[in-house]
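Enquirer: got a sequence here, can you model it:
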Amino acid sequence: MVPTAQIGSRLLLVDNDDAVRAMMTRALELKGFEVVAAANVTEALTRIATECFDGLIADLHVPNPADGLAVVTAMRHSQPDAVTLLVSGFPDVQRAIAAVFTRCERNHRKTLRDLAAYRTGSRKND
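Expert: Have a look, this model is predicted:
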């Protein structure tokens, strides 16, 4: 089952790959999410500091000056109620472990499932 957004589900999507960012934005918008896309960490951190979000989907491997974990950390500090999902096309065990310690809800391999479940309050750590 593909998640459908609740009204007001505003997401920050962070991915440096233009094609992936466009595809994920479109897919999420078709499910009713309002998506604000950022192409790099600097842009994402600026948006986190100046805007409110219900959730974050961040690519783990966004190039320097930092990576997706830096974005997740900033979101958890600034907007602790926001759902945070870390995605990657290249799973990395050490970074997945780091994601657990930054309290990221999920470490997904470029998938969008379960996002609506998190927003409806049926979050679960698995």
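Enquirer: and residue 73, that's in a strand?
Expert: No - per DSSP: H, G, I helix; E, B strand; the rest coil, residue 73 lies outside any strand segment and is helix.
Enquirer: tell me where the protein has helices.
Expert: With helices called from DSSP state H, the chain shows them at 18-30, 41-50, 68-78, 93-101, 115-119.
Enquirer: adding mean pLDDT, distance to residue 84 and mean neighbour count, write those helices out as a markdown table.
Expert: Heads up, the C-betas are built off the backbone N, CA and C, glycines and all. Listed next are these as a markdown table, based on pLDDT from 0 to 100; distance: least, CB to CB, whole Å; neighbours: other CB atoms under 10 Å:
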| stretch | mean pLDDT | distance to residue 84 | mean neighbour count |
| --- | --- | --- | --- |
| helix 18-30 | 94 | 15 | 14 |
| helix 41-50 | 96 | 11 | 17 |
| helix 68-78 | 91 | 5 | 20 |
| helix 93-101 | 61 | 9 | 13 |
| helix 115-119 | 51 | 9 | 20 |
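Enquirer: reformat those as TSV; add distance to residue 59.
Expert: TSV is the format used below for the helices of the chain (distance: least, CB to CB, whole Å):
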stretch	distance to residue 59
helix 18-30	8
helix 41-50	10
helix 68-78	5
helix 93-101	11
helix 115-119	15
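Enquirer: touching stretch 45-58 from outside, list them.
Expert: 8-15, 24, 28, 36, 38, 44, 68, 70-72, 74-75, 78-79, 82-87, 112, 115, 118-119 (CB atoms under 8 Å, 6 or more residues apart in numbering).
Enquirer: and stretch 12-27, by the same measure?
Expert: 28, 35-41, 43-44, 47-48, 51, 53, 55-59, 62-63, 68, 71, 75, 87, 89, 110, 112.
Enquirer: repeat that for 7 Å
Expert: 35-40, 44, 47-48, 53, 56-59, 62-63, 68, 71, 112 (CB atoms under 7 Å, 6 or more residues apart in numbering).
Enquirer: tally of neighbours for residue 16?
Expert: 15 (other CB atoms under 10 Å).
Enquirer: could you check how far residue 71 is from residue 51?
Expert: 13 Å (CB to CB, to the nearest Å).
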